[in-house]
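*Asks:* Sequence first, predicted model second:
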Amino acid sequence: MNTIDELLTRGVAEVLIEADLRRKLAGDRPLRLKQGFDPTKPDMHIGHAVGLRKLRKFQEMGHQVVLIVGDWTAQIGDPSGRDETRPPLTAEVVRSNAETYMQQFFKVVDRDRTEVRFQSEWFGTFDLGKALKLAGSFTLAQMLQHETFRKRYEEGGRLTILELMYPMLQGYDSVMVTPDVEFGGTDQKFNNLAGRELMAQAGMVPQDIFLVP
């Protein structure tokens, strides 16, 4: 098994679009690898290690990690896999959690080959016009393809407009940092696809998606 085959298959759940990513890896341009996290709690868990080790392998091949600190989306809370609305977090709690997250992140990932970006760089000045334009990029039918949203909607549970905005906000990060690939767990597939869709709407080459269990 060659290096690229191993990279794209061992410990990997799904790659979209694999043929495109293989072509990019065969080139001589360093790729931008987006990895985002919402610091909703002070510590990462052992499950994060699979994705972090993959990022390190890509770095060792000469590629660049772009770490997105979700200091805005963490205040909403990722609704994926949840049957109820998360309680909001304060900006102070999120910043504190982000500090410990990054300390743990860089125990595996090479800090010198990582570009760190905070969402507040672009959402800090995000006005109502931009928010409405972003909301108009997706239909309700598209949002209800999200398994969590659909389940809650069908069962008559509470589903807020703010939560429906979450995948759009995470996806907008990709427009701002122009990644070649976005990394995430399998629970992030819908959110990652939202980034791919927004990049395409903006006339960019859509990111590929690299999912780990």
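*Replies:* Nice, thanks for sending it over. Numbers count the residues shown, from 1 in each chain.
*Asks:* any idea how far Val69 lies from Glu115?
*Replies:* 11 Å (C-beta to C-beta, to the nearest Å). Glycine gets a C-beta too; all of them are placed from N, C-alpha and C.
*Asks:* neighbour-wise, which of those two wins?
*Replies:* Per other C-beta atoms under 10 Å, whichever of Val69 and Glu115 has more neighbours is Val69, with 25 against 13.
*Asks:* Can you give me the separation between the more buried one and Gly27?
*Replies:* Going from Val69 to Gly27 by C-beta to C-beta gives 29 Å.
*Asks:* same check, this time on Tyr172
*Replies:* Per C-beta to C-beta, Tyr172 is found 27 Å from Gly27.
*Asks:* Packing partners of the helix or strand of the chain with the lowest mean pLDDT?
*Replies:* Across the helices and strands of the chain, mean confidence by mean pLDDT, DSSP states H and E is lowest for helix 73-76: a mean of 85. In terms of contacts (3 or more C-beta pairs under 8 Å, 6 or more residues apart in numbering; DSSP states H and E), helix 73-76 is packed against helix 91-105, helix 161-177.
*Asks:* how far out from the middle of the chain is it?
*Replies:* A distance of 13 Å separates the centroid of the chain from that of helix 73-76, by C-alpha atoms, centre = their mean, to the nearest Å.
*Asks:* Please apply the same query to stretch 74-82.
*Replies:* 12 Å.
*Asks:* which residues sit against that stretch?
*Replies:* 38-40, 85-91, 94, 97-98, 146, 148-149, 162-163, 165-166, 169-170, 187-188, 190-191 (C-beta atoms under 8 Å, 6 or more residues apart in numbering).
*Asks:* follow-up on the earlier one: quick one: closest of the helices and strands packed on helix 73-76 to Ala13.
*Replies:* For these, the distance to Ala13 is smallest for helix 161-177, at 18.5 Å, taking C-beta to C-beta.
*Asks:* Pull out the CA atoms of the closest one and give them to me as CSV.
*Replies:* C-alpha atoms of helix 161-177 as CSV (Å, rounded to 0.1, in the frame of the first residue of the first chain):
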residue,chain,number,x,y,z
ILE,A,161,-33.9,29.3,13.4
LEU,A,162,-30.5,29.9,15.1
GLU,A,163,-29.7,26.2,15.0
LEU,A,164,-30.6,26.0,11.3
MET,A,165,-28.0,28.8,10.8
TYR,A,166,-25.2,26.7,12.4
PRO,A,167,-24.2,24.7,9.3
MET,A,168,-24.3,27.9,7.3
LEU,A,169,-22.0,29.7,9.7
GLN,A,170,-19.5,26.7,9.8
GLY,A,171,-19.7,26.5,6.0
TYR,A,172,-18.9,30.2,5.7
ASP,A,173,-15.6,29.6,7.4
SER,A,174,-14.6,27.7,4.3
VAL,A,175,-15.4,30.7,2.1
MET,A,176,-13.1,32.8,4.3
VAL,A,177,-10.1,30.5,4.4
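*Asks:* Which other helices and strands does it contact?
*Replies:* By 3+ C-beta pairs under 8 Å, 6+ apart, helix 161-177 packs against strand 32-37, strand 64-69, helix 73-76, strand 114-118, helix 120-123, helix 128-135, helix 140-143, helix 189-201.
*Asks:* so who does the residue most central in space within the chain touch?
*Replies:* In the chain, the residue lying closest to the centroid (C-alpha atoms, centre = their mean) is Gly36, at 4.5 Å. Gly36 sits next to 67-70, 170, 173, 182, 184 when contact means C-beta under 8 Å, 6+ apart.
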